[in-house]
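Trainee: next input, structure requested:
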Amino acid sequence: MSNLYSRHSRPRVRAARMLAFAPAAVATFAAMAQTAPRPAELPKVEVIGTTPLPGMGLSRDLIPAPVQSATDADIRRGNSIGVVDFLDRNLAGVHINEIQNNPFQPDVNYRGFTASPLLGTPQGLSIYMDGVRLNQPFGDVVSWDLIPKSAIASINLIPGSNPLFGLNTLGGALSIQTKDGRSHPGAAIQGIAGMHGRWATELEYGGHNQTWDWFVTGNFFRERGWRDDSPTRVGQLFGKLGWRNAATDLKLTMAHANNDLTGNGLQEYRLLAAKYASIYTKPDVTENKSTFLNLALSHSIGDNLLFSGNAYYRHIRTHTLNGDINEGALDQSVYQPNADECDALTAAGFSGFPVAGENASNTPFPFWRCIANTLLNDEPGEKCTGLINRSTTTQSNYGLSAQLAALGTLGGVKHQFTGGMAYDASRVKFTQSTQLGYLTPDRGVAALNAFADGVTGGMVDGAPFDNRVNLHGRTHTWSLYATDTLTLTPAWHVTLSGRYNRTNVVNNDQIIPGGGPRSLDGNHSFNRFNPAAGISFTPGKVFKAYAGYSEGSRAPSSIELGCADPANPCRLPNSLAGDPPLNQVVAKTWEAGLHGVLPGGLNWNASLFRTENHDDILFVAAPINTQFGYFKNFGKTRRQGLEAGLSRKTGAFTFGGNYTYLDATYQSTDTINANGNSSNTVSAAGDKGIEGGNITITPGNRIPLIPQHMFKAYVDYRFAGGLSLGANMLSVGSAFLRGNENNRHVADGGAYLGDGKSGGYTIFNLSGAYQAHRQLRLFAQVNNVFNRQYATAGQLGPTGIAPNGSFVARPFPATAGGDFPVQQSAFLAPGAPRTAWIGVRYEFDTPAVKR
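Mentor: Below you'll find the model as predicted:
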């Protein structure tokens, strides 16, 4: 299939032909629509949107994929804090990595593909809200805290490499539709209070008359967090104003968020065992401010033609503040100041510093050499034990899209056709700075007047210490897409789809402009046509079947293109470096499945799937410092498996469950840096704990952080008198840690500590609600009822904190070559302990409203 895509110009001819064909296609389907049956003649079916823009939709049975859907009522019944919480507890194939340990900053994984707020995480899911792509231009990251739960009307999780959802749809797409005053009239107020200082308030109000409709909602959330020094504050506002007449519907959406999130990240496993709520270093704060505008239009042209379009603008400003241990100091002599340093301290007016004998046994948190080297501008980058990393990202993205949907008959075959175009553009400004300091007993960093700016930070390994970044980037993407579902017989349906994307990414380095070594300047273009085809067989309610093939792609983002040179590794999100350029990722998915409803109302489903990524983008550690790394293309990876589920509702009793087997493996051979892995080349040569070791990935090695097994089950019962109780179980298998890509790490109790896998876990959650009045609902939720301690992710890396909590450098004597080994360990992302909250919801003027 290599003829379908290129980084150069050949697909321009194909795109031109598509554009030339578009007017004829529209005319043909307009003629078809004149003979199509009236919508009133069609049976009532559950309709799913098959494109990001709202359209006519398609019956669920006709879609050749197992789409999972939910409404706002489902989310509310689950007492979920946010949309991510709901996805994790309910949808098949979904699990989260709590790497930041913040409920609004998880990695959301579906079938081994990820949507994450963290730069450096390979992104493989596209997220849409009302037809607007929410993956941000800088790194394709997703800020889940910017999605207001109280504004969500429905969600659809579409599996596979569906090309209709554009770039980044490698493993799936999440499409969110929001409320308006016609679908959700009335007013409601909701409040919750619970453990760990958690409280939240939600307000919503909607209404309409014959012409206008309006809806507004706000969500205000606070908690101190279950881990040490981990407060969070979330404020979200959302509004929608609509106007319509007999043929036209116009809606203007406005949203704003202002959030302060603390996510103190991974913790070394020994420290976690000593205190589950402990943190490695602090602070780790992200401030997100976002403004979102979207103008959407739909217009009916007769009974069977629908035009829809939108124009949007989004502005996001993100500040990060991270206090980190300086891994570059772990193999250095950081304790006793030498004579020159003592003189510098004295001249600066310091007193009380040791003149001899300071070492790790009597100095748990050294700082005198750091201060002295800052005064001398000598080697503070090597002698200071702490760093404060700051970044600011400003992103403005905007675009428009338009599509035409038609129902009709051509040659005796029923068609449902949708064709459209989209243009998306963005401007990004990213700045990064690193300030030197020293680690304090509370795991914070005391800052000094020295920066990694090439001047005040002194020297590191004989070169000026410089981590600054000032990057401006621009991205433009043009797209054309079309899909047609043909009903060949009442039971057989074929869907053909395709999308052409062309993306241009321009980077402008504000520190080293003009190109050349270490310059971030670059101009990169990517284009590809992605096809899809599927077939559905719907002979009856008991048994239905489908099969399909699809392709998707993802163009490298500014940050990946700016950090792709192993000779100039990056600190993420701290530094970037120059080219070489990367290839775009291409995913190819096969899927087949069965589903139906048995007599008695038992819903069942089973499916097999396989997705292969070509030129996957990985972020790998640099050979000399695991705080640095670079992006590279990896030949091929595979994610394949099966899903099966059952559910039934009978009277007051509802139950269900789903199981996912997921085999996620590398399918090519490559060598990457892995200092924390005991099997690396340097360790195998006898120099354990010395930097610069590589490991070899071979076909069949499992991809880290992806469990093979997931099982979810739930049961609910509604008692007479308005009381309902529910329970659900979430069981997730073990997964390899990052840094153990070859699956061969084995702890030795010395230079290498901790297992190379995180253990599997099972947690139980309980929920209850009491409908005290038709407008008043009381509810309670207990997550992790048995207070299970578990990990959702992990990474191998160097540790500078001893089990007693003190900083330790040079934990082992020098090797024969004079190098000092650094102790490597397993760092884990602990799952939240038992967390309970209660709440109350009151709805005004809504008794007669049907949702």
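Trainee: after the longest strand out of those in the chain comes which helix or strand?
Mentor: The residue-count maximum for a strand in the chain (DSSP state E) belongs to strand 413-439. Heading C-terminal from strand 413-439, the first helix or strand you meet, by DSSP states H and E, is strand 445-451.
Trainee: now do that following strand: everything it contacts.
Mentor: Here strand 445-451 makes contact (CB atoms under 8 Å, 6 or more residues apart in numbering) with 281, 323-324, 367, 370-371, 374, 377, 380, 384, 386-388, 433-440, 456-458. In short, each C-beta sits where N, CA and C put it, glycine included.
Trainee: and that strand, how far out from the chain's middle?
Mentor: For strand 445-451, the distance from its own C-alpha centre to the chain's C-alpha centre is 32 Å (CA atoms, centre = their mean, to the nearest Å).
Trainee: I'd say T475 and P137 touch.
Mentor: Yes. Contact status for T475 versus P137: in contact at 5.3 Å, counting by CB atoms under 8 Å.
Trainee: more crowded one of these two?
Mentor: P137 (26 against 22; other CB atoms under 10 Å).
Trainee: how far away is the more buried one from N508?
Mentor: 14 Å (CB to CB, to the nearest Å).
Trainee: again with L164
Mentor: L164 is 33 Å from N508, by CB to CB.
Trainee: ok, back up a step: show me which of the contacts of strand 445-451 are buried.
Mentor: 281, 323-324, 367, 370-371, 374, 380, 384, 386-388, 433-440, 456-458 (16 or more other CB atoms under 10 Å).
Trainee: A311 against L400, yeah?
Mentor: Yes. Counting by CB under 8 Å, A311 touches L400, with 4.3 Å between them.
Trainee: gap between stretch 324-334 and the chain center?
Mentor: For stretch 324-334, the distance to the chain centre is 31 Å (CA atoms, centre = their mean).
Trainee: buried stuff in it?
Mentor: For stretch 324-334, by 16+ other CB under 10 Å, it's D324, I325, N326, E327, G328, A329, L330, D331, Q332, V334.
Trainee: quick one, phi psi at P364?
Mentor: phi -70, psi -30 (degrees, to the nearest 10).
Trainee: for H319, same thing?
Mentor: phi -110, psi 140.
Trainee: didn't R443 look like it was pressed against P283?
Mentor: No. Between R443 and P283 there is no contact under CB under 8 Å: 9.6 Å.
Trainee: list residues touching both of those two?
Mentor: G323.
Trainee: return the subset of the buried residues of stretch 324-334 lying in helices.
Mentor: Among the buried residues of stretch 324-334, none falls in helices (DSSP state H).
Trainee: out of these, list just those in strands.
Mentor: Reading strands off the buried residues of stretch 324-334 with DSSP E, I get D324, I325.
Trainee: relative to F465, which of the buried residues of stretch 324-334 is nearest.
Mentor: G328 (8.8 Å; CB to CB).
Trainee: looking at that closest one now. What's its pLDDT?
Mentor: Here the pLDDT value assigned to G328 is 93.
Trainee: right, and it touches K383 too?
Mentor: No. Between G328 and K383 there is no contact under CB under 8 Å: 9.4 Å.
Trainee: may I have the beta-bridge partners of G534?
Mentor: Note on G534: beta-bridge partners by DSSP bridges are T495, G548.
Trainee: now do the contacts for it.
Mentor: I63, P64, A65, V494, T495, Y546, A547, G548, Y549, S550.
Trainee: kindly report the same for L241.
Mentor: Counting by CB under 8 Å, 6+ apart, L241 touches W212, D213, W214, K251, L252.
Trainee: now with 7 Å?
Mentor: W214, L252 (CB atoms under 7 Å, 6 or more residues apart in numbering).
Trainee: hey, what's it bridged with?
Mentor: Here L241, judged by DSSP bridges, has bridge partners W214, L252.
Trainee: now do it against R182, distance only.
Mentor: On the measure of CB to CB, L241 and R182 end up 12 Å apart.
Trainee: for F465, same thing?
Mentor: F465 is 60 Å from R182, by CB to CB.
Trainee: of these two, give the one with the bigger neighbour count.
Mentor: Using other CB under 10 Å as the criterion, F465 and R182 rank with F465 on top: 24 against 16.
Trainee: can you give me the pLDDT of that one?
Mentor: F465 is assigned 92 on the pLDDT scale.
Trainee: same check on the one 10 residues further on?
Mentor: T475 carries a pLDDT value of 94.
Trainee: do I have it right that it meets S426?
Mentor: Yes. Between T475 and S426 there is a contact under CB atoms under 7 Å: 4.7 Å.
Trainee: now list whatever residues contact both of these two.
Mentor: P137.
Trainee: which parts of the stretch 501-650 of the chain are strands?
Mentor: 522-537, 544-554, 585-598, 602-621, 629-650 (DSSP state E, counting those that start in this stretch).
Trainee: just say which of these is most tucked in.
Mentor: With neighbours defined as mean count of other CB atoms under 10 Å, the strands of the stretch 501-650 of the chain peak in mean count at strand 544-554, which reaches a mean of 23.
Trainee: contacts for that one next, please.
Mentor: 5, 61, 64-65, 140, 160-163, 167-170, 501, 528, 530-538, 584-596.
Trainee: I'd like the average pLDDT over that strand.
Mentor: 97.
Trainee: equivalent analysis for stretch 416-430, please.
Mentor: On average, stretch 416-430 scores 96.
Trainee: repeat for stretch 225-232
Mentor: 96.
Trainee: how long is it from one end to the other?
Mentor: 7 Å (CA to CA, to the nearest Å).
Trainee: and if you look at stretch 201-218?
Mentor: With CA to CA, one end of stretch 201-218 sits 8 Å from the other.
Trainee: how about it: buried residues?
Mentor: Quick answer for stretch 201-218 (16+ other CB under 10 Å): 202-208, 213-218.
Trainee: and for stretch 508-527?
Mentor: Applying 16+ other CB under 10 Å to stretch 508-527 flags N508, D509, S519, L520, D521, G522, H524, S525, F526, N527 as buried.
Trainee: for it, how far is the first residue from the last?
Mentor: 21 Å.
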